[in-house]
Every structure is written in C-alpha cells, then in structure tokens.
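Engineer: model this:
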Amino acid sequence: MAFINAIEARDFECARGYLSDTQFTYRSPVSRADNADTFITIISRIGPILERIERRRTFIDGSDVCSILNYRTTMEAIKEVPVVQLATVDAGKIIALEAFFDASEYNKMIAG
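Structural biologist: Numbers count the residues shown, from 1 in each chain. All right, here's what the predicted structure looks like:
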C-alpha cells in the first residue's frame, strides 16, 4: 500500500524505493518495462492527470498482492479507470507488477 500511496502522492522517487533494483518487470495493456527506472519514467507521466487512487480491495496470497483500484483522473474521457494491479514481492521489494484495465479510451486518444 505504501507504493500505491507514493504513486498517488506523485512521489515517484519514493515509489522507486519499493521496486527491486535487479529483477523488476512491468506489464499493462499500454506499456511494458523490464527495469524499475523505465517503469518510473512511464508511470510518472500520469502525474499531471492523476487526481487520486481509490483503494477498493486488496488480497494477499504468499508473495502476491492483488489490489483493485479506481484511478481518478482530470481527463473527461478517462475520468475513472478501474484497475487490477498484481504485484509480486521478494525480500521486501516489488519484483513484478502487472496492471489489468480497459485501455480502449486511452488507445483512442493516442491514435487520434
């Protein structure tokens, strides 16, 4: 949850501290990263449009943490984005992060 709090606060340097330096991967419908620094560059792009992250539910199963979230943005076309985020944690660091969401509106904006 501290990682999500840091993203919501747009404290990307703090968020980076929760990610593995050596074996981090990220995957979503719109981007991929095979290291933490690239991911932070990608995710920091949402900073200007992010209003807040609503935490709906979190489940923990061993080293996996699944969070159901609503990303609230300032953009009318994607005002609310329901997201399921699956994180795998090892030695206190996130080593894998996968986000599941409907990217159709996002893709329309990019294509347009």
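Engineer: can you show me the strands along this structure?
Structural biologist: Taking DSSP state E as the test, the strands found in the chain are 25-27, 32-33, 50-61, 64-73, 80-90, 93-100.
Engineer: how far off centre is the fourth one?
Structural biologist: Right, the one you point to is strand 64-73. Here strand 64-73 is found 8 Å from its chain centre; the criterion is Cα atoms, centre = their mean, to the nearest Å.
Engineer: what strands line up against that strand, and which way round?
Structural biologist: Sheet pairing for strand 64-73, assigned by DSSP bridges, gives strand 50-61 (antiparallel), strand 80-90 (antiparallel).
Engineer: out of the ones you listed, which gets nearest to Pro29?
Structural biologist: Nearest to Pro29 among the strands paired with strand 64-73 is strand 80-90 (10.1 Å), distances taken as Cβ to Cβ. Quick note: C-beta positions are derived from backbone N, CA and C, even for glycine.
Engineer: could you check the angle the closest one makes with strand 93-100?
Structural biologist: Angle of strand 80-90 versus strand 93-100, following axes from the mean of the first three to the mean of the last three Cα atoms, to 10 degrees, is 150 degrees.
Engineer: so for strand 80-90, what gets flagged as buried?
Structural biologist: Neighbour counts over strand 80-90 (16 or more other Cβ atoms under 10 Å) mark 81, 83, 85-89 as buried.
Engineer: ok, which of the strands paired with strand 64-73 comes nearest Ser31?
Structural biologist: For Ser31, the closest of the strands paired with strand 64-73 is strand 80-90, at 13.2 Å, according to Cβ to Cβ.
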